[in-house]
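In: predicted model follows, preceded by the sequence.
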Amino acid sequence: MRRFMLLSAAVGLWGLPGCYSGFSADANGFGAGSDTAADSGDGNDNDGGDGDGGDGDPDDPASLCMDADVGVTSLRRLTAEQYDHTIRDLLGLDGGYTAEFSPDERIGAFKSNGNAAVVELQVEEYMDAAEAVATDAVADLTQLLPCEASEGDTCAEAFLADFTMRAYRRPLEAGELDRVLDVYQSGKETGDGDMQAGLRVAIAGVLQSPYFLYHVEFGRPEAGDELVALTGYELASRLSYFLWDSMPDDALFQAAASGELEDADGVRAQVDRMIASPKAQDTIASFHQQWLGVDELEHAEKDPELYPSYDTTLAASMKQDVASFAQWVINEGDGTLDQLLTANVTVSDDPRLHEVYGVVAPAGRLPGEPIELPADERAGLLTMPGVMAEHAHPDQTSPILRGVLLRQELLCQVLPPPPPDVDNVPPSPSPDATTRERFHQHTADPACSGCHVQIDPLGFGLEAYDSMGAFRTNEENGLPIDDAGEVVLSDVDGEFEGGPELAAKLAESQFVQNCVSRQWFRYALGRVETEADTCAVDGISEAFTESGRDVRVLLREIALSSAFRFRKGDA
């Protein structure tokens, strides 16, 4: 009976037709289908980049980009991470309520639930999570309510009005609060007049509304047909989930209410405030972990006989190492892409991870202080143990997985799938052959060589890192490491030896800079860029270049761009 009431409550609060189907989205548009080598390093041929994500007046949508167009952004559900962060900021609960959620969809490297329709299992998952959150929330009414519970329905109404507005991330429309209060009264009556029971059912119902579960972005009603400006509250939400991976705070809600977000200066002020906030750490961590594929590193398996020290605890430390390093660069370092790719430090406090790095923390070191790593062994994100461990097999390294990571996520060059009849099983380790010799077939076989000449030479350059990311000079069979590699089809083509030399090459690449700019664009909007976004993407990348590749400037320029502040009018 109780679960029926919760479902009925949620149905009563749903008011978005077709909400579980989403809008159409060009998820395989310009960026996915046309990110060739030439495309990724086009030198920003289009004019733009005046510091506001495009040419012209940033407050005039028609002049933001010459073609006055943006790509279609679909109606997206919160990711599991966003759901947990939102519950934390909405109700102060850190319960890990999404542990049983179905996996998030991905757009490229990033989680974004904008394509598939929600199935019955996911509806059940949302119901279970909402019920668990609501039960925990009402456990202590003195912490939950802004007034005395003895005030009864008056206090409940005051709480529900504020709670529902913040859960929906916008002012309530006529009749919406009445529906929530009806649910509250129904729950209260079922609970023998108990206020706590009523609040539990009302909270659970609100948390199953599409206005909570989705990024709802219809735009201003008076907007034109081509570009539709987002409302202040929609833009506040888009900013907060981009820069904080969570809902807006009170200052952002106030900026939306006052009209501050209607002009570029107001948006810029909020972006600068938000990047400087500790809450930005969630986005910095989430982006870099997803971009480099380590966000689920705890599931990576290693052969316990070959790597007895590897376990899920160490894997979690490796994953956090990637996040902490990126956070350190952006908040305490110079904030540049160059430092992200080349700095030879770790800020991890885990002695077990220090052993993997082959270093000991200096005496008197304070938590979070950087530890210098050997410059001939480590350089930035790409040589971190977590990245190397994720892109390896349980019993051996993988020049293929590592080369694909670099080609697709650092250069934004899309590789075709292997032929349907190809044998994807890696050649077994041999006591008489190096990794390079075992994988020679890939480049010798004409059916494979087209792609593998782009992949393997990159991956071979990372052979000095074993399957769990430790630096080595010999392979498992005792043969000397051969980590000579070559970059091709880029603007920094040439040979290199080892991870640090590769990192230095990539740090100089305009292709890589343009790709990183696009990756942040994809993360911010939950979709791949399309041809309609060309002006905005080029303007963002040009501003990134002019800033000295400062990631903080990149985030600001994305938020100021037409693609971020407007939506396509006919979508």
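Out: Perfect, thanks for sending it.

In: contacts, neighbours, all on C-alpha from now
Out: OK.

In: would you map the strands across the chain?
Out: Using DSSP state E, the strands of the chain run over residues 76-77, 106-107, 110-111, 214-215, 227-229, 345-346, 371-372, 484-487, 494-497, 566-568.

In: which helices and strands sit right next to the last one?
Out: Secondary structure elements in contact with strand 566-568, counted by 3 or more CA pairs under 8 Å, 6 or more residues apart in numbering; DSSP states H and E, are strand 227-229.

In: can you tell me how far Gln408 is from Gly494?
Out: The gap separating Gln408 from Gly494 is 18 Å, by CA to CA, to the nearest Å.

In: which of those two has more residues huddled nearby?
Out: Gln408 (18 against 13; other CA atoms under 10 Å).

In: contacts only, for that one.
Out: Counting by CA atoms under 8 Å, 6 or more residues apart in numbering, Gln408 touches Val414, Leu415.

In: against Trp291, how distant is it?
Out: 10 Å.

In: OK, contacts around Ser246?
Out: Contacts of Ser246 (CA under 8 Å, 6+ apart): Gln82, Tyr83, His85, Thr86, Asp89, Ser240.

In: point out where the stretch 401-550 of the chain drops to low pLDDT.
Out: 441-447, 449 (pLDDT under 70).

In: cool, and the chain?
Out: 1-68, 222-225, 441-447, 449, 570-571.

In: what residue in it is the furthest from its centre?
Out: Relative to the centre of the chain, the most outlying C-alpha is that of Asp192, 45.0 Å out, by CA atoms, centre = their mean.

In: how close does it get to Ser186?
Out: On the measure of CA to CA, Asp192 and Ser186 end up 10 Å apart.

In: list the buried residues in stretch 139-159.
Out: Using 16 or more other CA atoms under 10 Å as the test for burial, stretch 139-159 gives Leu145, Cys147, Ala149, Cys155, Ala156, Glu157, Phe159.

In: nope, stretch 167-183 is what I was after
Out: Buried, per 16+ other CA under 10 Å, within stretch 167-183: Ala167, Tyr168, Arg169, Arg170, Glu176, Leu177, Val180, Leu181, Asp182, Val183.

In: pull the residues that contact stretch 100-109.
Out: By CA under 8 Å, 6+ apart, stretch 100-109 touches 27, 79-80, 111-116, 122, 125-126, 290-293, 409, 522, 526-528.

In: same question, stretch 146-158
Out: So stretch 146-158 is contacted by Leu141, Thr142, Leu145, Phe159, Leu181, Met195, Leu199 (CA under 8 Å, 6+ apart).

In: from Glu486, how far off is the third one?
Out: This means Leu145. Counting by CA to CA, the gap from Leu145 to Glu486 is 62 Å.

In: who's in contact with the closest residue to Ala315 other than its chain neighbours?
Out: Counting by CA to CA, 6 or more residues apart in numbering, the nearest residue to Ala315 once its immediate chain neighbours are dropped is Glu298, at 5.3 Å. By CA under 8 Å, 6+ apart, the residues touching Glu298 are Thr312, Thr313, Ala315, Ala316.

In: list only buried entries from the residues you listed.
Out: Ala315, Ala316.

In: reformat the contacts of Glu298 as CSV; add distance to Leu341.
Out: Shown next, in CSV, are those (distance: CA to CA, whole Å):
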residue, distance to Leu341
Thr312, 26
Thr313, 26
Ala315, 21
Ala316, 21
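
In: can you get me a residue count around Gly335?
Out: 20.

In: pretty sure it contacts Asp550?
Out: Yes. Using CA atoms under 8 Å, Gly335 is in contact with Asp550, at 5.5 Å.

In: can you count the residues close to Ile330?
Out: For Ile330, the neighbour count with other CA under 10 Å is 22.

In: and what of Thr383?
Out: Thr383 - counted by other CA under 10 Å - has 26 other residues nearby.

In: was I right about it contacting Leu502?
Out: No. Using CA under 8 Å as the test, Thr383 is too far from Leu502 to be in contact (9.8 Å).

In: wait, Pro171 touches Phe163, no?
Out: No. With contact defined as CA under 8 Å, Pro171 and Phe163 do not form a contacting pair (10.8 Å).

In: check contacts around Asp84.
Out: Asp94, Gly95, Gly96, Tyr97, Thr98.

In: picking that back up, farthest-separated two in the contacts of Ser246?
Out: Tyr83 and Ser240 (12.9 Å; CA to CA).

In: which parts of stretch 247-260 are buried?
Out: Here stretch 247-260 shows Met247, Pro248, Asp249, Leu252, Phe253, Gln254, Ala255, Ala256, Ala257, Glu260 as buried, counting by 16+ other CA under 10 Å.

In: nearest spatial neighbour of Pro367, skipping sequence neighbours?
Out: Nearest to Pro367 is Asp349, by CA to CA, 6+ apart, at 6.1 Å.

In: for Asp338, see how far away Ala507 is.
Out: According to CA to CA, Ala507 stands 5 Å off from Asp338.

In: surely Ile558 touches Arg552?
Out: No. Using CA under 8 Å as the test, Ile558 is too far from Arg552 to be in contact (10.1 Å).

In: looking at these two now, which is surrounded by more residues?
Out: Neighbour totals were compared for Ile558 and Arg552, and Ile558 leads with 29 against 19 (other CA under 10 Å).

In: list the contacts of the more buried one.
Out: Contacts of Ile558 (CA under 8 Å, 6+ apart): Gly53, Phe521, Ala524, Ile540, Phe564.

In: and for Leu479?
Out: By CA under 8 Å, 6+ apart, the residues touching Leu479 are Ala433, Thr434.

In: so that it lines up with my notes, have the first residue be 31 from now on.
Out: Understood, numbering begins at 31; the last thing we discussed is Leu509.

In: follow-up on the earlier one: turn the strands of the chain into JSON lines, columns for distance to Leu336.
Out: JSON lines is the format used below for the strands of the chain (distance: least, CA to CA, whole Å):
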{"stretch": "strand 106-107", "distance to Leu336": "41"}
{"stretch": "strand 136-137", "distance to Leu336": "32"}
{"stretch": "strand 140-141", "distance to Leu336": "32"}
{"stretch": "strand 244-245", "distance to Leu336": "45"}
{"stretch": "strand 257-259", "distance to Leu336": "57"}
{"stretch": "strand 375-376", "distance to Leu336": "25"}
{"stretch": "strand 401-402", "distance to Leu336": "27"}
{"stretch": "strand 514-517", "distance to Leu336": "25"}
{"stretch": "strand 524-527", "distance to Leu336": "26"}
{"stretch": "strand 596-598", "distance to Leu336": "52"}
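
In: the helices in the stretch 431-580 of the chain, which residues?
Out: Per DSSP state H, counting those that start in this stretch, the stretch 431-580 of the chain carries helices over the ranges 465-468, 470-474, 476-490, 529-537, 540-555, 564-576.

In: wait, doesn't Asn544 sit right on Gly569?
Out: No. Using CA under 8 Å, Asn544 is not in contact with Gly569; the gap is 10.7 Å.

In: which of those two has more neighbours?
Out: Taking neighbours as other CA under 10 Å, Asn544 and Gly569 compare with Gly569 leading, 29 against 26.

In: what number of residues lie near Gly556?
Out: Gly556: 23 neighbours (other CA under 10 Å).

In: and the gap between the closest residue to it other than its chain neighbours and Ala110?
Out: Once flanking residues are discounted, Gly556 sits nearest to Ser142: 5.2 Å by CA to CA, 6+ apart. Distance, Ser142 to Ala110, by CA to CA: 10 Å.

In: likewise Leu202?
Out: 25 Å.
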